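A.B. asks: I would like the atomic coordinates for the input below:
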Amino acid sequence: MKIIVPMAGRGSRLRPHTLTIPKPLIPIAGKPIVHRLVEDIAGVLNQDIEEIAFIIHESFGKKVEEDLIAIAQKLGSKGTIYYQNEALGTGHAIMCAKDSLSGPAVIAYADTLIRADFDLDQNADSVIWVKKVDQPEAFGVVNLNEANQIIELVEKPKEFVSDLAVIGIYYFKDVAVLKNELQYVLDNNIIHGGEYQINDGIKQMMAKGMIFVPGEVAEWMDCGNKDVTVETNSRMLGFLHQDGEQLVAKNVKLENSVIIPPCYIGENVILINSTVGPNVSLGDGCHVIDSVIKNSLVQTYSHIKNAKLDNAMIGSHASFNGNFTSISIGDYSVLE
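C.D. replies: Predicted coordinates for the structure are as follows:
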């Protein structure tokens, strides 16, 4: 089994945080988004992952590539890096990794997180992962027949088709079949919205009678912009707390301070005269003094003083001193 992860975009809607780190590497509850994603996918697959292929922009740099390879190795997998240097769509991104497109594989876009516990139907040609939503007209959805097979993908339907939204994760029994269809899309310049789309390859597979079924996830969490990323951090903390996961490092230094769970508190964090939580992530090496923080996400080695923060997102190596509340400042920022 392989996992193919297109992640070529840095994430413009999450600036300034993505100016220095690609969005899939921003930590949620102390672990990069893409790390949590591939872990959760591996949990559903319940089998060894031989390779994780990451499709990135070459400008991400060697440090990012090393971090991604390390994520794959932590899951006992080989990590492979491919480049997509032009934003030509999902189908094009996948084909940038064509040397890895063989055998059973999951393709997953790296800007989402899930909680899932379903049995993957490995007899189907493909399983499209979906989530029941309240406003299906805002999403791409699947159309099912009476046998619970997917017969159509419908983008933002004006009339009700189903309430099962496509979340951007797909299992293929043999991903080489998709590869062949996407090669046809590229060769024949089949473009929608100015881009080569995975859906055009999938539609051709359906037209040839291949069986697609839905796999419904329990939770689907977005990391598109600052507010939803902070909300996703809070939700993930809640899930991990319910699971009994140890979220507070043993060497945290508390001085006249309180941690209200659920919180993730990294290594060598110092809290002085402060209340942290609920729903706060503080990365390694953060210092918090004379502050109250809740519902917030702070990356690593940042210093916060005299603050009252709610719905805040702060990058790494930042320094914040003041009375602002719902803030979003990136790496190495200073606000005094």
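
A.B. asks: For the top helix by length along the chain, buried residues please.
C.D. replies: Ordering each helix of the chain by length in residues (DSSP state H) puts helix 226-242 first. Burial within helix 226-242, assessed by neighbour count using 16 or more other CB atoms under 10 Å, is assigned to 226, 229-237, 239-241. C-beta: built from backbone N, CA, C; applies to glycine.

A.B. asks: now stretch 245-255
C.D. replies: Residues of stretch 245-255 classed as buried by neighbour count (16+ other CB under 10 Å): 247-248, 252.

A.B. asks: and that stretch, average pLDDT?
C.D. replies: Taken as a whole, stretch 245-255 has a mean pLDDT of 97.

A.B. asks: Not counting it itself, show me its contacts.
C.D. replies: Taking CB atoms under 8 Å, 6 or more residues apart in numbering as the criterion, the residues outside stretch 245-255 that touch it are 29-30, 237, 240-241, 259, 261-273.

A.B. asks: Do me a favour and get the end-to-end distance for that stretch?
C.D. replies: Using CA to CA, to the nearest Å, the gap from the first to the last residue of stretch 245-255 comes to 24 Å.

A.B. asks: now swap in stretch 220-228 and tell me
C.D. replies: Taking CA to CA, stretch 220-228 runs 12 Å from one end to the other.

A.B. asks: mind checking the backbone torsions on Ile270?
C.D. replies: Backbone geometry at Ile270, expressed as degrees, to the nearest 10, gives phi -120, psi 120.

A.B. asks: one step back: list just the nearest of the buried residues of helix 226-242 to Leu45.
C.D. replies: Top of the list for closeness to Leu45, among the buried residues of helix 226-242 and by CB to CB, is Phe239 at 19.3 Å.

A.B. asks: Compute the distance between that closest one and Gly266, please.
C.D. replies: Using CB to CB, to the nearest Å, one obtains 18 Å as the distance from Phe239 to Gly266.

A.B. asks: Low-confidence ranges, this protein, go.
C.D. replies: Along the chain, the parts satisfying pLDDT under 70 run over 8-22, 323-336.

A.B. asks: Mark out where each domain of it begins and ends.
C.D. replies: Listed by the TED database, the domain ranges of the chain are 2-222, 247-321.

A.B. asks: show me the contacts for Val5.
C.D. replies: Going by CB under 8 Å, 6+ apart, Val5 touches 24, 34, 37-38, 52-55, 107-110.
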